[in-house]
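**Q** Fold the following and give me the result.
(one chain, ligands or ions: 3)
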Amino acid sequence: MHLSKRIMVTGGCGFLGSHLCERLLEQGHDVLCVDNCFTGTKRNIRHLLNHPDFEFIRHDVTFPLYLEVDEIYNMACPASPIHYQFDPVQTTKTSVHGAINMLGLAKRVRARILQASTSEVYGDPEVHPQPESYWGRVNPIGIRSCYDEGKRCAETLFFDYYRQHRLKIKVARIFNTYGPRMHPNDGRVVSNFIVQALKNEPITVFGQGQQTRSFCYVDDLIEGLIGLMNSSDEMIGPVNLGNPAEFTIMELARKVIELTGSASEVIYKPLPQDDPRQRKPDIALARKELQWQPVVGLDEGLKKTIAYFERLLEEENR
Ligand code: NAD
Ligand code: UDP
Ligand code: UDP
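**A** Ligands and ions are numbered 1, 2, ... in the order given. Next comes the predicted model:
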């Protein structure tokens, strides 16, 4: 029998959150989207607003929230460097105070709670690929620290609520994810390159483009998050979710140019401070415990993402 649950998604107006809300509604659940619309927009959930099982609450998770729910996906937090560095103090507050409030809520109503953590907890790693057992190499005082340390502290809080209050927690370490509804101006590499290519503007490669990332298509990631939430109580993580296929940023630039048929040229810009040189998830744990692995390859995922940005740019030009 399929049981319908009341599920809260913080950050539900964002890129990942909106896909998650959509998928949970498809599965027949009651979905409560909580978001202050800092980096997300109501446009991302516009198509869900008339759904009878969907509710949207405009709220900042750094303030307490009293609701009755069965499950919480805590996705609220700006995720791109430009956005999280815009108001770094608020970024730390969102991760830390937001986690405390959502954990407090989960404790009161005995809800399961999943944290959207990040590969950034590994910092600029000296272990490659990164397994969950690696403690990371994070600068505590740099420009990425508000995000990295905020997310690390949130993980600490999750594990302390688990140990101290026997809360049902799940911690996912999400690696670079891309797809439709990424913010066109948030500076992330996939959205930047696609928008630049579609406008035939120069493709901005930072440094020499030899740094690597592993890109996961959004649908795969959402399956992984829901799989983790629905796994046994013992499976608390942290668990890496990402696509282990690793590419240099230069390879990504070439691929985007090829798939868009763009006339853009590559130009080089300075590498930002503390930019990790390499990143690739070890997903052995997710494979074994969640029977999960990504199925969408980079070319296929990029084509879908390019189609989305083409539509978006057309709308803007209308
Ligand atoms: P996003 O910026 O599109 O979404 C974040 C959402 O959180 C936005 O809708 C924003 O308005 C909301 N938000 C921010 N601060 C808030 C606050 N104080 N109160 C309520 N809502 C708030 O980013 P995303 O890519 O969808 O990321 C979602 C989550 O996944 C984030 O926690 C991020 O750290 C994590 N993550 C994402 C990636 C990725 O590649 N996309 C990788 C690792 C981790
Ligand atoms: N909290 C909340 N919603 C709830 C329950 C708690 O937002 O339904 C907040 C509350 O403001 C508190 C935080 O979560 O500051 C942590 O709650 P907890 O019960 O762990 O700690 P305490 O209330 O003892 O500080
Ligand atoms: N990057 C780039 N050009 C851009 C945007 C990003 O070369 O226009 C690089 C960036 O320096 C980093 C990688 O692409 O090495 C991924 O950047 P993003 O901000 O998407 O994610 P993160 O660094 O958080 O993994």
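
**Q** Quick check: residue 244 touching residue 286?
**A** No: under the criterion of Cβ atoms under 8 Å, residue 244 is not in contact with residue 286, lying 10.2 Å apart. Every C-beta, even on glycine, is put in place using the N, C-alpha and C of the backbone.

**Q** Comparing those two, which shows the higher neighbour count?
**A** residue 286 (26 against 17; other Cβ atoms under 10 Å).

**Q** Residue 240 is in contact with the more buried one, correct?
**A** Yes: in this structure, residue 286 is within contact of residue 240 by Cβ under 8 Å, at 6.3 Å.

**Q** Near ligand 1, which residues of the stretch 51-200 of the chain? Just list them.
**A** Applying Cβ under 6 Å from any ligand atom, we find that the stretch 51-200 of the chain lies next to ligand 1 at 60-62, 75-79, 83, 94, 98, 116, 118, 174, 176-177, 183.

**Q** redo that, cut-off 8 Å
**A** Counting by Cβ under 8 Å from any ligand atom, the residues of the stretch 51-200 of the chain close to ligand 1 are 59-62, 74-80, 83-84, 90-91, 93-95, 98, 116-120, 147, 151, 173-178, 181-183, 186, 188.

**Q** Quick check: helices, which of these are part of them?
**A** Mapping these onto helices (DSSP state H) picks out 83, 84, 90, 91, 93, 94, 95, 98, 147, 151.

**Q** what about residue 220, which helix or strand?
**A** helix 218-229 (DSSP states H and E).

**Q** and that helix, what does it pack onto?
**A** If you count contacts as 3 or more Cβ pairs under 8 Å, 6 or more residues apart in numbering; DSSP states H and E, helix 218-229 packs onto helix 15-26, strand 71-74, strand 112-118, strand 169-174, strand 177-178, strand 239-241, helix 284-290.

**Q** can I get those in TSV with mean pLDDT?
**A** Listed next are the helices and strands packed on helix 218-229 as TSV, based on pLDDT from 0 to 100:
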stretch	mean pLDDT
helix 15-26	98
strand 71-74	98
strand 112-118	98
strand 169-174	98
strand 177-178	98
strand 239-241	98
helix 284-290	98
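
**Q** Appreciated, that's everything.
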